[in-house]
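Undergrad: No sequence on hand, only this structure:
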């Protein structure tokens, strides 16, 4: 993620931009008022209301005071919604509110209007010519009125927006959009038949083993979560210094200061400058982000489902809604090619070994969670089986479908041990049998047989 993209996600960014624009607008209109003076503006002048020095001060004071009051109220409402969503759906969903452009825009309009009114109010002063008359920027004051009217519309929008943003389908849709965007960004489109799976590329045999045992250790310089890894930069550095880099981390991994992030081979080619540049290519922050961490968005939807199934909430319909959105991302991922963990230079030499997130990783984590938390809710278990069937139908990976089949069997076994009614168990077994047959028979193509 670029520095500009990270900057735009901060809650203060858009309000700061609008305040800057308000400052420019105020100074520009005040300058125009000074230049125009009492010039007749023709038909346009009819639209300009002149209320005098005292009325202008009162008007600007009223606008500024009301904007600050409304901004405080909307901010309080936003904090209350954050607390509600955090306790109900999970604290990690708070970042969606912080990055929400609607919330940023509303707060920015109110604060920018307040700032604009103060700047214009400051410009009302006694003229220096000794006449005792006041300079009143009528254009700027009329613009303040227009901004106040705009703020009323923004307030109505905010009430609608904040009411819609706490709906479960809105929250799940936002996370689903992040998941789909991350899949599109990290996993290229599936074109034709992909090459057969391999454990280790030809020409690199022995190198990964020596990297892990005898390579120069790459130690983390801070504690936190890996937010991004610039693989292209690391490959370029490895080519320049003629080394091979084996990473043990990926976006989403938690690292501790001083712990090994990977290893470099041969040790004799490693120097402090190279280590510093590689560490700079690995961004570590205090929280996970979905930009390069496909597992994070999947985890948010999974957490939403698990929290809905807790005894304190007991809301299986929210869990089903979360599984619906999660299935959309997993189905898209199932049809994509999983990138190789081996990265080469243009001459075909192995330069970087970097772990990647696979479809099986996400499915194992999800299905294990459903096996633990959804057993008392047959409707959620059935929706989980439907998710497996949907993903299996889209998957081009026989190994992933075989793994899903094992997970389905474990799910049925766990459900049977929960002492369900006989009819529920029989119905689930029939559903699982259908899913198992679809996993065995789906996508048997020439691509799989090669």
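TA: Perfect, I can see it now. These figures come from a predicted structure and were not determined experimentally.

Undergrad: which stretches of the stretch 1-150 of the chain form helices?
TA: 3-8, 13-36, 52-89, 94-98, 101-123, 138-165 (DSSP state H, counting those that start in this stretch).

Undergrad: got the contact list for residue 81?
TA: By CB atoms under 8 Å, 6 or more residues apart in numbering, the contact list for residue 81 reads 97, 162, 165, 166. For the C-beta atoms, the positions are set from N, CA and C on the backbone; glycine is no exception.

Undergrad: Show me which of the residues you listed are buried.
TA: Buried residues within those, defined by neighbour count using 16 or more other CB atoms under 10 Å: 97, 162, 165, 166.

Undergrad: quick one: contacts for the first one?
TA: Residues in contact with residue 97 (CB under 8 Å, 6+ apart) are 78, 81, 82, 85, 103, 165.

Undergrad: Likewise for the third one?
TA: If a contact means CB under 8 Å, 6+ apart, then residue 165 has 81, 97, 100, 102, 103, 171 as its contacts.

Undergrad: Output the residues you listed in CSV; the columns should cover pLDDT.
TA: Listed next are the contacts of residue 165 as CSV, based on pLDDT from 0 to 100:
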residue, pLDDT
81, 80
97, 71
100, 79
102, 86
103, 85
171, 82
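
Undergrad: What are the structural domain limits within this structure?
TA: 3-165, 180-189+293-337+357-443, 207-285 (automatic domain parsing).

Undergrad: among those, which is the most enclosed?
TA: domain 180-189+293-337+357-443 (a mean of 19; mean count of other CB atoms under 10 Å).

Undergrad: hang on, the earlier thing: now for the domains of the chain, which one comes closest to residue 346?
TA: For the domains of the chain, proximity to residue 346 was assessed by CB to CB; domain 207-285 is nearest, at 8.2 Å.

Undergrad: So which residue is dead centre in the chain?
TA: Taking CA atoms, centre = their mean, the centroid of the chain lies closest to residue 290, which sits 4.3 Å from it.

Undergrad: phi, psi of it?
TA: Note on residue 290: its backbone torsions stand at phi -80, psi 0 [degrees, to the nearest 10].

Undergrad: again, but for residue 242
TA: Backbone torsions for residue 242, taken as degrees, to the nearest 10, come to phi 60, psi 50.

Undergrad: what residues are up against it?
TA: residue 269.

Undergrad: okay, how far is it across stretch 121-135, tip to tip?
TA: One end of stretch 121-135 sits 11 Å from the other (CA to CA, to the nearest Å).

Undergrad: for the protein, which spans come out with low pLDDT?
TA: Of all residues in the chain, those with pLDDT under 70 make up the ranges 1-9, 37-50, 94, 128-132, 189-213, 441-450.

Undergrad: if you set the cut-off to 80 instead, what comes out?
TA: Residue ranges of the chain with pLDDT under 80: 1-11, 36-52, 82, 84-100, 126-134, 165-166, 188-214, 312, 396-397, 441-450.

Undergrad: which residue ranges form the strands in it?
TA: For the chain, the strands defined by DSSP state E cover 125-126, 134-135, 216-219, 224-229, 244-247, 254-255, 260-265, 282-285, 342-344, 350-353.

Undergrad: these two touch, right, residue 138 and residue 33?
TA: Yes - using CB atoms under 8 Å, residue 138 is in contact with residue 33, at 6.3 Å.

Undergrad: and for the two, which residues touch both?
TA: With CB under 8 Å, 6+ apart, residue 138 and residue 33 have no common neighbours.

Undergrad: and stretch 158-172, how far out from the chain's middle?
TA: Computed by CA atoms, centre = their mean, to the nearest Å, the chain-centroid distance of stretch 158-172 equals 17 Å.

Undergrad: Same question for stretch 145-153.
TA: Distance, stretch centre to chain centre, for stretch 145-153: 32 Å (CA atoms, centre = their mean).

Undergrad: do stretch 106-114 as well
TA: Distance of stretch 106-114 from its chain centroid, counting by CA atoms, centre = their mean, is 25 Å.

Undergrad: cool, and stretch 55-67?
TA: With CA atoms, centre = their mean, you get 39 Å for stretch 55-67.

Undergrad: ok, residues contacting it?
TA: Under CB under 8 Å, 6+ apart, the answer for stretch 55-67 is 51, 110-111, 113-114, 117-118, 120-121, 124, 136, 138, 141, 144-145, 147-148, 151.

Undergrad: ranges for the helices of the stretch 201-350 of the chain?
TA: Under DSSP H, counting those that start in this stretch, the stretch 201-350 of the chain gives helices at 207-214, 231-241, 272-280, 294-308, 316-334.

Undergrad: which one of these lies closest to residue 409?
TA: Among those, helix 316-334 comes nearest to residue 409, with 19.4 Å by CB to CB.

Undergrad: Relative to the whole chain's centre, how far out is the closest one?
TA: 17 Å.

Undergrad: How about residue 279: what's its closest non-neighbour residue?
TA: Distances taken as CB to CB, 6 or more residues apart in numbering put residue 221 closest to residue 279, at 5.5 Å, once the chain neighbours are dropped.

Undergrad: Distance to residue 397 added to the contacts of residue 81, as JSON lines?
TA: JSON lines is the format used below for these (distance: CB to CB, whole Å):
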{"residue": "97", "distance to residue 397": "36"}
{"residue": "162", "distance to residue 397": "42"}
{"residue": "165", "distance to residue 397": "37"}
{"residue": "166", "distance to residue 397": "38"}
